[in-house]
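Student: can't give you the sequence, but here's the structure:
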């Protein structure tokens, strides 16, 4: 699995209990062995993209504020594909 998507899976696990939409995104991510973020994003619907945009924005800010720049960088790789 792409390293950026591995970080994404970790982030999604933090929100899975509170949101069915997050569980849906996690299910999509786990259904295939995606070689790239682009392939994964292409399989998402607009609702999932909007939710993921919000979550990633929050998580990237948190990572950068806490000094975890590698995590912020990896999540940004997915975030950029949402547009």
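Tutor: Alright, I've got the coordinates. Note that the structure is a prediction, hence the values are computed from the model and not measured.
Student: what residues does stretch 57-74 touch?
Tutor: With C-beta atoms under 8 Å, 6 or more residues apart in numbering as the test, stretch 57-74 has contacts from 3-4, 6-7, 11, 75-76, 79. Every C-beta, even on glycine, is put in place using the N, C-alpha and C of the backbone.
Student: That stretch: which residues count as buried?
Tutor: Going by neighbour count (16 or more other C-beta atoms under 10 Å), the buried part of stretch 57-74 is 59-60, 63, 71-72, 74.
Student: for the residues you listed, which one is nearest residue 33?
Tutor: Among the buried residues of stretch 57-74, residue 74 lies closest to residue 33 (C-beta to C-beta), at 17.8 Å.
Student: From the geometric centre of the chain, which residue sits farthest away?
Tutor: residue 67 (19.2 Å; C-alpha atoms, centre = their mean).
Student: does it sit in a helix, a strand or a coil?
Tutor: coil (DSSP: H, G, I helix; E, B strand; the rest coil).
Student: And it, how far from residue 14?
Tutor: Look at residue 67 and residue 14: by C-beta to C-beta, to the nearest Å, they are 19 Å apart.
Student: Low-confidence ranges, the chain, go.
Tutor: Applying pLDDT under 70 to the chain flags residues 1.
Student: can you pull out the helices in the protein?
Tutor: 3-15, 20-31, 37-42, 46-65, 69-79 (DSSP state H).
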